[in-house]
Structures are given as C-alpha cells and as structure tokens.
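Asker: return a 3D structure for these sequence lines:
(chains A and B)
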Number of protein chains: 2
Amino acid sequence: MTLDDSSLQKFGFIKRETLGSINIDPLQTGGLLTGAAKQALVEWGDGYSVCDFCGGVLDLVKKPPIHDFVHKALPEFLGCDEARVTNGARESKFAVMHSMGKPGDWVVLDGLAHYSSYVAAERAGLNIEVVPHAGSPEYHLDPGRYGKAIEEVTKENGKPPVLALVTYPDGSYGNIPDAAKIASVCHEYDVPLLLNGAYSVGRMPVSAKEIGADFIVGSGHKSMAASGPVGVLGVSEEYAPVVFRKSVHNKVKEIELLGCTARGATVMTLMASFPEVVKRTRNWDQEVENARWFSSRLEGMGFIQRGQKPHSHDLMFFEAPGFYEISQKVKNGRYFLYRELKERNIHGIKSGLTKYFKLSTFGLGKEKLGTVADAFEDILKKYENI
Amino acid sequence: MTLDDSSLQKFGFIKRETLGSINIDPLQTGGLLTGAAKQALVEWGDGYSVCDFCGGVLDLVKKPPIHDFVHKALPEFLGCDEARVTNGARESKFAVMHSMGKPGDWVVLDGLAHYSSYVAAERAGLNIEVVPHAGSPEYHLDPGRYGKAIEEVTKENGKPPVLALVTYPDGSYGNIPDAAKIASVCHEYDVPLLLNGAYSVGRMPVSAKEIGADFIVGSGHKSMAASGPVGVLGVSEEYAPVVFRKSVHNKVKEIELLGCTARGATVMTLMASFPEVVKRTRNWDQEVENARWFSSRLEGMGFIQRGQKPHSHDLMFFEAPGFYEISQKVKNGRYFLYRELKERNIHGIKSGLTKYFKLSTFGLGKEKLGTVADAFEDILKKYENI
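Answerer: Prediction:
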C-alpha cells in the first residue's frame, strides 16, 4: 500500500455502527463506560498522560490517587493482600503462570477455561491438564475432579502442578463453580489456585479470601466499565514476592509488569468507574433476578437455557430451535437473525448464529430486556408460516 | 480501606492538572492526540468496543479497517514484511525476545538502551551483554563494538547471542546511532537486530528494511499520537513465523499476543491519528531545525547540550549550570525550577531537577519553543542577583 492521501483517508476517524444499540454481547455489557469514565477518557486521553505525575512507579503515584486505588481500594475490593493494574485479565494470568512455573511444568485448568488461559499457559511453556466438566446440559464442574487431576499430574511427572485455575464464571455458559471447594481441594495438595474473574470482578461480589484463592484476576474492559485494555491482579501475601519480584537492573521496576502497565486513559477510566462499579456489585441479586426472568421468557418461546439452572449470572447460553428452523427455510438463512435484530437496533448475537448463542443481560434492566425478548417473539411470529 | 461513599469519592473523575500547559516532557510530546483520535476515543471508548466487529482475529477485522491498517499500511510505514499492534513497545520487545531465545540465552543491548529493554530481557530469562557508549559528552555508540560484544558472548557461551538491540534514538540523549552499520555488523555474525523505535516511529522517517533491521518496535502513546497503552511490532518474513506462531489449542490465536492485544480505544486512536502521523514524519527536517534552534538558544544561556551535536532529534539532554547555581542559593532550591515553570504554564522537566534534564521540542513549533526559551531566560534573570 502506498501511503498517499487516497489510501490514508480510509483511516482517520471511523464511526462505530453499534453505538446506541441495545448490546447483549457478553463482551460488552460490563464494559460500557460510566459518566465519570467518559469524562476521564477525554481528560486523560493523550498518550501516556499519567506519566506527568509519576516518580518512576505507576502504582505509587499519589495524585491522581493511583497509590490508594492499587494499594488500598483494590485489595479490599478483590479480597487479596496485594494488587496491581495490568493490561488485561489474560496478561494477569500470564504474569502469574510465568512467575509460578518454568517451561515443562504443569498447570490444571477447568474444562470451561477461556482460550486465553490456554494461550497464557502455552506462552509460559506450561503443560495443561484439564478438569473435565460433566457435559450437556449443565456442564457441571465437580470440585473433587481437581484432586484427581492434580494426582494424575503428580503421578506422571513426579511433581504436582505449579498452579490450578478456575474460571468464575466461564465465558460460554456463565456457570459459577464451587470455587471455595475447589480451593480447598487444591490446597490439600499444596497447589495454589487462580480465580479467573473476568466475568465476575466488577459485576458481582467476589473475594479471593472468602473463596480461598491465592490469585484473582479481573478485566477492566469486560466487567469494570473501563476503556481497554486494562485488568487487575490480586495476589496473596505468600505469592506477592514471587509475582511482583523486582528487576536486578532497575530496583523499582517489577519484571512481570515490564516496569509499567496501564498509565493513560485505561487506568484513569478504571479508577473513574470504580465507585459505581463497587456499588453495582451490591445490586447483584437484582441482576440475577433479571437474568432469570429473561431466561424464563425465552424458555416460554421454546428455547432451552444450557448451563446451571436456576442461573446465577447474566451470561447465558441458549439453544433456540425456533430460530434454527427458520434459518433452514429462508434464503441466506444463517444470517436472518442477525439482520432482524439489527433492524430492531439489537446487537450482540454473532452474525450467522441461530441454533446456539450466548448473551448477557448485565446492566440492561427489565425494560431493555423486555424489548429484546419481545423482539425475539416478534421474529418468531414473523416467520411462523414460512 | 472500607469501600464506603466517603472513601470512594476520592476516585471517580479527576482533573488532569497539566492539561493545557506547554508540555516538553519527551514522554508526552509525540502522544498528544490528533483531532481525529479525540473523536475516535469518545466513539470507541467503551470496554472492548472493537470486538463487536471481530470474527476471532483482531488484525483480520475488515470494518473498521484494522486488517488493511495492520497488513497493508503498517508494513509499508515500518518497512517490514509483517506487522502487528501490541500493548506497547516494551510488550513488542518482550514478544520478540521471548520468541527468539530461551532462558539462559544472551541478548546484546546498546549502552543507552531503555530500562524496559533490560526488564524485557530479564523477564524472558536472557542474559545481557552491553555494548558500551563512549561516555560524555557525546555518548557515541561505535557500531564495531557490536561485533566485539557478539564475539565475547560466543566465546564465553559457545554460541552467539539470539538477538541484538539498538535504541533509535535513546531516551536520554536522543542520539541517532548508525543503525544500518550496526545491522550489517550483526548480520556478519548471523545475529538478528531489533530496532527500538519508541522515539522514532511516528516522529521521523524510519524503515526497518532500509536500515536492515529484522525487527522494528514503535510506541503508539509515545510517538504515534495514540491513547496508550498501544504499540506496533514489525518483523521480517524470516522471523514472522517464529514471533507470530499460533497456539496448538486455538489455531487462529497467536501465542505471543496472548490471542489478542489492543481492541478498544487504543487501536482506534492509533488508526485515527495514522494519516496525520504519516504526514508529520515527512516534516521531520523542520522538527530537527526547531530542535537545533532551541538548543542554540539554550546554549546562548550557558547551557550545554549533551549527546550528538549538531543534534538530529527533538529529544535533548541539557546541563544547566545557571539553574543549578540558583538551586544552591534559594530555599528548597531543587524545586525552584519546577515551580517557576509551573507558574509559566510549562510542564515536563521533572520536579527537583535543575542541573541536568532532558526535554523534547517535538510538535511544539517555533512559537511555543520561543515561549519556553524566553521563560528560561526570564528565570535566570529573576535570580541573577540572588
């Protein structure tokens, strides 16, 4: 590509087509900026704006109050001893895996783990033992199976895995596993547990200490109303010196953070949304009630909600035989649902999906959820005689 | 910290005190957002907004045109075969080092390398051999010394270093080393070269191919008018399969990128500013002229510019005996300069520094640079009879 005026004009400012739609994509519902974060975004948008106030260590910046956010508020919020802001949940997971293991070591992942947990382990050179789930329809994870997985790794390799991970909840079915029981099983074998809370931290109450997890990971853009990429990492006192070990070349810089992480609009939006995020987690019962209500409306249309039932999270997976039948009959069938929803200003079910899809009800409230459920009914009715 | 209303109110929206000042901090001058980027920031600020348009691979998103940006525009701009968007220059460097070497291997760094190059090598478990510079006042880097460093590593360890790195320019003196000669020296020993262009890519014309570098790294927030953290990484055809190798667990995801990197406001601001960034690099001669003019004004005040002379970059290091003398005489002397500049709405020389400091003239133009030089003169005059 020659970089002339004509080819360059395709870049520059680009409209975001989905802006203003009702968005039920699980990736998006927890990441919508609050009013304060929108203001912070504009104020702190330039480059690495926060560095104007830094004496060399991001998390020690006093004003803006990043120090108090990272060292006081976040540990309290996450229920951990030490916390840091990272470039994302996956970056947090990699930092832990890369600190705890060396190439050839083993990590135990739950069968519903996010792909980025696999890729983080792979990048760290770790072998993976998977704790299987029970399959359809509930995809239940039996905490006792962690013990079996740990025993198998130990038997095969002469030493236990360096880490176990549980996804809380997973990103496919929104299942909340019995993490406290899993922690207790892992600790029987002296294996530390990482809680991947990309879909919980910032949406619902969650505490590493109450669960007994040694590490907790959250996602700013997925669930903490922050502009991405940004994440959080909480670590217990025992492992903080390992994960947050400092460079021999520069004594204030932490190796796993490559010295510094989010030091512009990302951390400032995370911090700006934090008061509202703390408050919304206290409203979690209402969110669960909304999710169940929405699920029951869809089941009334003949859809089947997979995963835990009754459900305890806004992320849900549905089988929609009604939509699938329509897709078999109409022209370019796979895409009819996406088109119909787009016409109704609803976004978030991936283009081409009709039989199975996931969605999130988080933060939408009954009225918008009603609009979505009505739209689904409307679409079913529109095609009922086709 | 109890997370009650009273403690939470310190977070939320926070004003940025330096906004609107003349900022001569080298970290900031190249990261100011363009008008298009400011618009993009607001439009794409929510969480991971770009994911609405993604089929699973960020750099293949067609609309917005991330695919064309990453696979057509960036390779042309960087002079490389393959490019990616990363979470920052340091993350780009770590990805290369972690791909090219294994723990215990060696990397060669120039004596003016940024601390993050050291930390990235340390995180990858690599040993570091430093190519010394010639010291004050020019801090010259002799390309031939790369050969000596490579030979020493090979002699001591039985095999050559897996990578050499050159900082182009360095972040202390703004020296532009003879990177083409360094590349040619390294290639005589079959050692690939990484060009750290955090202060060049987006400010001045730079091409990995013209220099002969195998890797090129740039910083979106430092030098490409983007909201951080975001960076770019260019790789030659030869090493692209190594650095961009894919996961065995998920065949479309690249391991070193942990699957995905910048997929919100960061990549969208990078792309929004790109047309103007391309154009500003064509105005580099004027920027160098401005830097030299500013340097000569300061030398007229008895300051001494360290590093290459005549200088060829906006980042410059000064020794300021006049300011230092004042600091020895006034109360709380170290801080007088910061205070005096703050009163004049000038930011960017670190609080407490008077004798030695660095600054950047990039993008300020003659008028603002004149204001800064006048302010320096004014301050010297104010204290001349103290």
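Asker: doesn't A:Arg306 make contact with A:Pro137?
Answerer: Yes. If you go by CB atoms under 8 Å, A:Pro137 and A:Arg306 touch, sitting 5.2 Å apart. Any C-beta I mention is one placed from the backbone N, CA and C, and that applies to glycine too.
Asker: between those two, tell me which one has more neighbours.
Answerer: Between A:Pro137 and A:Arg306, counting by other CB atoms under 10 Å in any protein chain shown, A:Arg306 is the more crowded of the two (21 against 15).
Asker: leaving out sequence neighbours, find the closest residue to that one.
Answerer: A:Phe317 (4.5 Å; CB to CB, 6 or more residues apart in numbering or on different chains).
Asker: contact partners for the one you found?
Answerer: If you count contacts by CB atoms under 8 Å, 6 or more residues apart in numbering or on different chains, A:Phe317 has them with A:Ser172, A:Tyr173, A:Gly174, A:Gln305, A:Arg306, A:Gly307, A:Tyr356, A:Phe357, A:Lys358.
Asker: could you list which of these belong to strands?
Answerer: A:Gln305, A:Arg306, A:Tyr356, A:Phe357, A:Lys358 (DSSP state E).
Asker: could I get those as CSV with pLDDT?
Answerer: Converted to CSV, those look like this (pLDDT from 0 to 100):
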residue, pLDDT
A:Gln305, 98
A:Arg306, 98
A:Tyr356, 98
A:Phe357, 98
A:Lys358, 98
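Asker: buried ones among those?
Answerer: A:Gln305, A:Arg306, A:Phe357, A:Lys358 (16 or more other CB atoms under 10 Å in any protein chain shown).
Asker: list the helices and strands the lowest-mean-pLDDT helix or strand in chain A packs on?
Answerer: The helix or strand of chain A with the poorest confidence is helix A:5-8; it has a mean of 94 (mean pLDDT, DSSP states H and E). Helices and strands touching helix A:5-8, by 3 or more CB pairs under 8 Å, 6 or more residues apart in numbering or on different chains; DSSP states H and E, are helix B:265-281.
Asker: can you pull the contacts of the closest residue to A:Ser184 other than its chain neighbours?
Answerer: Spatial nearest neighbour of A:Ser184, excluding adjacent residues (CB to CB, 6+ apart): A:Gly212 at 6.1 Å. Listed by CB under 8 Å, 6+ apart, the contact partners of A:Gly212 are A:Ala179, A:Ala180, A:Ala183, A:Ser184, A:His187, A:Leu193.
Asker: surely A:Val96 touches A:Gly231?
Answerer: No. With contact defined as CB under 8 Å, A:Val96 does not count as touching A:Gly231 (11.6 Å).
Asker: ok, the two, which is more surrounded?
Answerer: A:Gly231 (31 against 28).
Asker: and the more buried one, how far from chain B?
Answerer: Distance, A:Gly231 to chain B, using CB to the nearest CB, to the nearest Å: 11 Å.
Asker: my read: that residue touches A:Gly218, true?
Answerer: Yes. Counting by CB under 8 Å, A:Gly218 is a contact partner of A:Gly231 at 6.2 Å.
Asker: what touches both of these two?
Answerer: Common neighbours of A:Gly231 and A:Gly218, counting by CB under 8 Å, 6+ apart, are A:Ala89, A:Ser92, A:Ala198.
Asker: restricted to helices, list those.
Answerer: Using DSSP state H, the members of those that fall in helices are A:Ala89, A:Ser92.
Asker: any chance of the shared contacts of A:Gly231 and A:Gly218 in TSV, plus pLDDT, neighbour count and distance to chain B?
Answerer: Putting the shared contacts of A:Gly231 and A:Gly218 into TSV (pLDDT from 0 to 100; neighbours: other CB atoms under 10 Å in any protein chain shown; distance: CB to the nearest CB, whole Å) gives the following:
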residue	pLDDT	neighbour count	distance to chain B
A:Ala89	98	30	10
A:Ser92	98	32	10
A:Ala198	98	31	11
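Asker: any idea which of the shared contacts of A:Gly231 and A:Gly218 is closest to B:Gly35?
Answerer: The closest of those to B:Gly35 turns out to be A:Ala89 (CB to CB; 32.6 Å).
Asker: still on that earlier bit, got any residues that touch both of A:Val96 and A:Gly231?
Answerer: Both A:Val96 and A:Gly231 are contacted by A:Val217, under the criterion CB under 8 Å, 6+ apart.
Asker: could you find the residue nearest the spatial middle of chain A?
Answerer: A:Ala198 (2.5 Å; CA atoms, centre = their mean).
Asker: right, and it touches A:Ser219 too?
Answerer: Yes. With contact defined as CB under 8 Å, A:Ala198 counts as touching A:Ser219 (4.1 Å).
Asker: what touches both of those two?
Answerer: With CB under 8 Å, 6+ apart as the test, A:Ala198 and A:Ser219 both reach A:Ala89, A:Gly231.
Asker: dump the ones in strands among the contacts of A:Phe317 into TSV; add distance to B:Glu152 as well.
Answerer: Listed next are the ones in strands among the contacts of A:Phe317 as TSV, based on distance: CB to CB, whole Å:
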residue	distance to B:Glu152
A:Gln305	65
A:Arg306	61
A:Tyr356	60
A:Phe357	60
A:Lys358	56
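Asker: from those, which is closest to chain B?
Answerer: Nearest to chain B out of these is A:Lys358 (CB to the nearest CB; 13.5 Å).
Asker: tell me which element the nearest residue to the closest one once chain neighbours are set aside falls in.
Answerer: Once flanking residues are discounted, A:Lys358 sits nearest to A:Phe317: 4.6 Å by CB to CB, 6+ apart. Under the criterion of DSSP states H and E, A:Phe317 resides in strand A:315-319.
Asker: got it, and A:Tyr324?
Answerer: Following DSSP H and E, one finds A:Tyr324 within helix A:321-329.
Asker: show residues contacting the following helix or strand past that helix.
Answerer: Using DSSP H and E, the helix or strand that follows helix A:321-329 in sequence is helix A:336-343. Contacting residues not belonging to helix A:336-343 are listed as A:323, A:326-327, A:330, A:347, A:349-354, A:375, A:379, A:382-383 [CB under 8 Å, 6+ apart].
Asker: contacts with chain B among those, please.
Answerer: Among these, proximity to chain B is found for A:His347 (CB under 8 Å from any CB of the partner chain).
Asker: show only the entries of the contacts of helix A:336-343 found in strands.
Answerer: Going by DSSP E, the strands hold A:His347 from the contacts of helix A:336-343.
Asker: can I have the buried ones of the contacts of helix A:336-343 as a PyMOL selection?
Answerer: Selection of buried members from the contacts of helix A:336-343 for PyMOL, criterion 16+ other CB under 10 Å:
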select buried, chain A and resi 323+326+327+347+349+353+354+375+379+383
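Asker: roughly how far apart are A:Asn87 and A:Cys51?
Answerer: Separation of A:Asn87 from A:Cys51 (CB to CB, to the nearest Å) stands at 16 Å.
Asker: the two - which one has more neighbours?
Answerer: Higher neighbour count among A:Asn87 and A:Cys51: A:Asn87, with 29 against 20, using other CB under 10 Å.
Asker: need the strands for the stretch 51-200 of chain A, in chain order.
Answerer: Ranges of strands in the stretch 51-200 of chain A, per DSSP state E, counting those that start in this stretch, are A:82-86, A:106-110, A:127-131, A:163-167, A:193-196.
Asker: sounds good, over and out.
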